[in-house]
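Participant: Below are the sequence and a predicted model; questions follow.
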Amino acid sequence: MHDMLGALGELASQQRFQEVIRGGKCKHCGQQAVGGSMSGGWPGAERVDLYCEPCQKDYAEFMSRPENKLPEDFLEDDDAAMEEMSARLSRLQDAAEHYVRRRAAERISGR
């Protein structure tokens, strides 16, 4: 019974997220959203980031570059390694956001 309730809750959450996407705008350029991500929630605030197709492609292109790949062979029980990985991921996320904003501005200005 507990598993069924969890599955129903997850389905309701996914449906609500799809409604948010359908009614939402890209956080970078304001065009109709086609996808996004949701993070946070209990106990903190929920964060939803929506993307249009071109901005989503720009993000994927940036993250697929070899210099932006994260190592897969770090030790999860090594606190220093986890801290460095977290810091690298944060810097990479900031750089990706900057890149997508710049590309969106170029599309909007017609460059």
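Facilitator: Nice, I can see it. Residues are numbered from 1 along each chain as shown.
Participant: any idea how far residue 78 is from residue 59?
Facilitator: Using CB to CB, to the nearest Å, one gets 29 Å for the distance from residue 78 to residue 59. For every residue, glycine as well, the C-beta is placed using N, CA and C.
Participant: How many neighbouring residues does residue 50 have?
Facilitator: Using other CB atoms under 10 Å, residue 50 has 22 other residues around it.
Participant: Give me the phi and psi for it.
Facilitator: According to degrees, to the nearest 10, the main-chain angles of residue 50 amount to phi -110, psi 150.
Participant: Check what pLDDT it gets.
Facilitator: The predicted local confidence for residue 50 comes out at a pLDDT of 92.
Participant: wait, what's in contact with it?
Facilitator: Residues counted as contacts of residue 50 (CB atoms under 8 Å, 6 or more residues apart in numbering) are 20-21, 24-27, 33, 35-36.
Participant: Three-state assignment for the residue nearest in space to the middle of the chain, please.
Facilitator: Central residue of the chain (CA atoms, centre = their mean): residue 37, 4.7 Å from the mean position. Taking DSSP: H, G, I helix; E, B strand; the rest coil as the rule, one finds residue 37 in the strand state.
Participant: for the protein, what spans make up the strands?
Facilitator: Counting by DSSP state E, one finds strands in the chain at the ranges 35-40, 46-51.
Participant: Quick check: which of the ones you listed is buried the most?
Facilitator: Mean neighbour count, computed with mean count of other CB atoms under 10 Å, is highest for strand 46-51 among the strands of the chain, reaching a mean of 16.
Participant: Now do that strand against strand 35-40: the angle between them, please.
Facilitator: What separates the directions of strand 46-51 and strand 35-40 is an angle of 160 degrees, with axes from the mean of the first three to the mean of the last three CA atoms, to 10 degrees.
Participant: Indicate each strand paired with strand 46-51 and its parallel or antiparallel sense.
Facilitator: Sheet pairing for strand 46-51, assigned by DSSP bridges, gives strand 35-40 (antiparallel).
Participant: Give me the mean pLDDT for the strand it pairs with.
Facilitator: In this model, strand 35-40 has a mean pLDDT of 79.
Participant: got it, and stretch 57-77?
Facilitator: If you average the pLDDT over stretch 57-77, you get 84.
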